[in-house]
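Q: test case, fold it:
(2 chains)
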Protein chains: 2
Amino acid sequence: MPAMDGPFLRACRLEKSSPTPVWFLRQAGRYMPEYRKVRAKVSFPKLCRDPGLCAEVAVTAQRRLGVDAAIVFSDILLVLEPLGFRLEYAPGGPKILNPVRRPSCLKRLREADPAALAFIAEAVKATRAALPSDIPLIGFSGAPFTLASYAIEGGSSRNFQKTKAFLYRHPEAWNELLGMISRALIGLLQAQATAGAQALQLFDSWVGCLSPSDYRARVLPHTRRILRTLPRGVPVIHFGTSTGGLLEAMRDAGGDVIGLDPTVSMAEARRRLGPKVAVQGNLDPCVLFSDRRTIRREARRILAEAGGRGHIFNLGHGVLPTTPVDNVRALVDFVHEATT
Amino acid sequence: MPAMDGPFLRACRLEKSSPTPVWFLRQAGRYMPEYRKVRAKVSFPKLCRDPGLCAEVAVTAQRRLGVDAAIVFSDILLVLEPLGFRLEYAPGGPKILNPVRRPSCLKRLREADPAALAFIAEAVKATRAALPSDIPLIGFSGAPFTLASYAIEGGSSRNFQKTKAFLYRHPEAWNELLGMISRALIGLLQAQATAGAQALQLFDSWVGCLSPSDYRARVLPHTRRILRTLPRGVPVIHFGTSTGGLLEAMRDAGGDVIGLDPTVSMAEARRRLGPKVAVQGNLDPCVLFSDRRTIRREARRILAEAGGRGHIFNLGHGVLPTTPVDNVRALVDFVHEATT
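A: Modelled structure (predicted):
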């Protein structure tokens, strides 16, 4: 008989959970000495392709912090390689060496071969095997808009000028590109669920740069198709940043849990999203640079605004590289104490 | 007897105006050949300090585009110099060479001498004198948060990590810094109104990175103090980007007009802001890279969502450097035709 679901999966399903579950975006990352030790020996792309090391860094972070979920160690951009993009992890941030500049560039691309990303499913398997049985494992991928923005900009961007210009100038090619990316994402997410991921997170990290009208017309149909194709029973967290104008549209696109960055009020987001989806978030990662009293005050505010049921405590964005680990651990303990 | 106010000032005051007024953030800028010709002869900081040239570029842009308002040519960061910051306009973006890193850095700063920015009021006078009498002139400044973010980061930023860490760690020093900046801004804005600016815009360009709770506790009181100190009768446009989570709080801070970037729906913003403030915006600047049909469709959508009264048509952010001037001019003509 399977054990009863723990706090994280219960919260995903809007069931009562005590304590409130907590985990962190980028909880296995550079701020953690154990992670830096691994990275001193192996590059980031090699780490992503080594299922054993992926499991080690994910499990170490979960244990060190005492969080209620682990997330597979991987990167959202890796899915672009089997589509034909050349990816380089440069010190200033990842680069796409052959970005899409015009519709004809799409001819260079190909449908992704699922086998090319088998190492991600292997990382899920290895991590699942190494984790305590009561700690759920989250798989993930980028979302069509965010991945298309990298594919078009050639890297990260401040104003997403090339992406939006492409979207406005070439709506058909835009749809074709997002369609190709979406098919690859469906394969990747399904493979992770099959390999043992008990929840999935879709990172549409940069979607908040769009107008709600463009989001609904040019992005939502692709995201919705992905979310409708995924196996029922594996909850999905749908995450974006700067989405204060997009919450209802993101909810309409799908997901059991909406991930909130710090720029929206948790109370207001709850009201706008309604009672049928859970929420995740939304502490500002920079709060972790302050003292314990401030961290507790801000965490308490978010817990109160979220109101318990169907809330997964998290940061609104990834843990920053210079964050003191002890503050992160203290935050986990505080969230557990305050909600038990 | 003074002439009746034109469309721009009427819209600021929520009076009926036909046509809907239109102007553009950064309408005098690098996308315009006339501006590039001036800049070929003079650096950006020298241009800002030359009232005659400031007037020339502002008036040329107004005439070339046929817009309903001109804005004085200046830069939001100039106010930091008389406070003791060393400012450099580098090719990669402006830099503050002596940023605030800890509370003790505030000792280096001094109250701004209003005379140090007299060239901005002179630019207002020269521009006012050179403009047609029926075209109102807008003065402007940055807002306390956005200027503090430059003062602390030392330049622009993606995640405002240093700014937020300072705000959380040193709330008293934060208040002191914003207080000093606010006093300088009051002097600067009043001087522009006295010199002939008929409206003022407060640019809180980066405020959208904050949580609504931090905005209300640590920024709103400063912005409110500035807006309450300004002379009545000169309408103020209160502008920010990525403010989908902050609209009500920005309205509560003050301003006759709330400036909207593209990431919020105009219809939704109208509903959330209520009937007592006007709105400005909110076309995505990247739409201007597309064709006339798309530009008209997007402009028509925004005009319909805004519903006429109390709407100043504008972009949601500044005109981008490679924007085709003819598209900008065509947009002005379309807005005028569609609303006359």
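
Q: what residues of stretch A:250-257 count as buried?
A: By 16 or more other CB atoms under 10 Å in any protein chain shown, the buried positions in stretch A:250-257 come out as A:250-251, A:253-257. Just so you know, the C-beta spots here come from the backbone N, C-alpha and C atoms, and that holds for glycine as well.

Q: what ranges do the strands span in chain A?
A: Here chain A has its strands, by DSSP state E, at A:70-71, A:87-90, A:93-96, A:137-142, A:199-204, A:236-240, A:257-259, A:278-283, A:311-315.

Q: for chain B, find the nearest of those.
A: Proximity of the strands of chain A to chain B was assessed by CB to the nearest CB; the nearest stretch is strand A:278-283, lying at 7.6 Å.

Q: tell me the angle of the closest one relative to strand A:311-315?
A: Angle, strand A:278-283 to strand A:311-315, by axes from the mean of the first three to the mean of the last three CA atoms, to 10 degrees: 30 degrees.

Q: tell me the strands beside strand A:278-283, with direction?
A: strand A:257-259 (parallel), strand A:311-315 (parallel) (DSSP bridges).

Q: now the ones you listed as TSV including mean pLDDT?
A: Formatted as TSV, the strands paired with strand A:278-283 follow (pLDDT from 0 to 100):
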stretch	mean pLDDT
strand A:257-259	98
strand A:311-315	98
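
Q: kindly report the residues of chain A close to chain B.
A: Neighbours of chain B within chain A, by CB under 8 Å from any CB of the partner chain: A:156, A:158-161, A:164-165, A:167-169, A:208-214, A:242-246, A:262-265, A:268, A:282, A:284, A:286-287, A:289-291, A:294, A:301, A:316-317, A:320.

Q: in PyMOL, how would I select just the buried ones from those?
A: A single PyMOL command selects the buried members of these (16+ other CB under 10 Å):
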select buried, chain A and resi 159+160+161+164+165+167+168+169+208+209+210+211+212+213+214+242+243+244+245+246+262+263+264+265+268+282+284+286+287+289+290+294+301+316+317+320
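
Q: go through the residues of chain A and report the one nearest to chain B.
A: Using CB to the nearest CB, residue A:244 is the residue of chain A that sits closest to chain B, at 2.5 Å.

Q: okay, the closest residue to that residue other than its chain neighbours: pLDDT?
A: Once flanking residues are discounted, residue A:244 sits nearest to residue B:244: 2.5 Å by CB to CB, 6 or more residues apart in numbering or on different chains. At residue B:244, the pLDDT value in this model is 97.

Q: ditto for residue A:90
A: Looking at residue A:90, the pLDDT reads 89.

Q: just residue A:124 next, same as before
A: At residue A:124, pLDDT is 98.

Q: my guess is it meets residue A:199, correct?
A: No. Assessed by CB atoms under 8 Å, residue A:124 is found out of contact with residue A:199, at 11.5 Å.

Q: sorry, back to before: reformat the strands of chain A as CSV; add distance to residue A:61.
A: Formatted as CSV, the strands of chain A follow (distance: least, CB to CB, whole Å):
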stretch, distance to residue A:61
strand A:70-71, 7
strand A:87-90, 20
strand A:93-96, 21
strand A:137-142, 12
strand A:199-204, 15
strand A:236-240, 18
strand A:257-259, 18
strand A:278-283, 17
strand A:311-315, 14
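
Q: thinking again about what came up before, which of the buried residues of stretch A:250-257 sits closest to residue B:6?
A: residue A:250 (40.7 Å; CB to CB).

Q: tell me the contacts of the closest one?
A: By CB atoms under 8 Å, 6 or more residues apart in numbering or on different chains, residue A:250 lies in contact with A:204, A:207, A:215, A:238, A:240, A:243, A:258.

Q: list just the nearest of these to residue B:113.
A: Here the nearest of these to residue B:113, counting by CB to CB, is residue A:243; it sits at 43.1 Å.

Q: show me what contacts the closest one?
A: Shown in contact with residue A:243 (CB under 8 Å, 6+ apart): A:207-208, A:250, A:260-261, A:263-264, B:244.

Q: what about the nearest residue to residue A:140 once chain neighbours are set aside, how many residues close to it?
A: Nearest non-adjacent residue to residue A:140, counting by CB to CB, 6+ apart: residue A:201, 4.3 Å away. Residue A:201 is flanked by 24 other residues according to other CB atoms under 10 Å in any protein chain shown.

Q: surely residue A:201 touches residue A:237?
A: Yes. Under the criterion of CB under 8 Å, residue A:201 makes contact with residue A:237 at 4.2 Å.

Q: who touches both of those two?
A: Residues touching both residue A:201 and residue A:237 (CB under 8 Å, 6+ apart) are A:138, A:259.

Q: can you pull the pLDDT of the one residue sitting closest to the centre of chain A?
A: Centre of chain A computed as the mean C-alpha position; nearest residue by CA atoms, centre = their mean is residue A:203, 3.9 Å away. pLDDT recorded at residue A:203 is 98.

Q: my guess is residue A:300 contacts residue A:338. True?
A: Yes. Residue A:300 is within contact range of residue A:338, at 6.5 Å (criterion: CB under 8 Å).
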